[in-house]
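K.L.:
predicted structure and sequence below. I'll ask about it afterward.
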Amino acid sequence: MLAKANRLNKHGSFAYVYRTGKRLAESDVVLIFVPAHSVRVGFSVSNKVGKAVVRNKVKRRLRAAVQNRLNSMRGCQAIVVAKPSAADKSFEVLSLEVERLLYKAELLK
């Protein structure tokens, strides 16, 4: 679980990142981010991904992938969005895609 200080959880915060953020995409994951002083990350998994059990599993995998790289990230507000194809992917694949997106966005130190 991400620390409370690292969570993006208010509707206004999500709206700000969606409205002003830069988007990068891989085949199963999209990263929307805005530079900031501290690292705050939110996750979005829509009903298109699957039923609640599947959505929760995908969200847990994405949280774990981001948490592994949290200490090496630059300050940003980011939203990690799962595409419907993410439901069929393993943790290793999703983790690699998140890492590639963070590298492309130059958010890793």
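P.N.:
It's in.
K.L.:
for Ala82, phi and psi?
P.N.:
Ala82 adopts backbone torsions of phi -90, psi 130, taken as degrees, to the nearest 10.
K.L.:
who's it bridged to?
P.N.:
Beta-bridge pairing for Ala82 (DSSP bridges): Val29, Val45.
K.L.:
distance of it from Ser27?
P.N.:
11 Å (C-beta to C-beta, to the nearest Å). Just so you know, the C-beta spots here come from the backbone N, C-alpha and C atoms, and that holds for glycine as well.
K.L.:
quick one, what contacts Leu102?
P.N.:
31, 69, 73, 108 (C-beta atoms under 8 Å, 6 or more residues apart in numbering).
K.L.:
rerun that using 6 Å as the cut-off
P.N.:
Leu108 (C-beta atoms under 6 Å, 6 or more residues apart in numbering).
K.L.:
what about it, helix or strand, and which?
P.N.:
helix 91-104 (DSSP states H and E).
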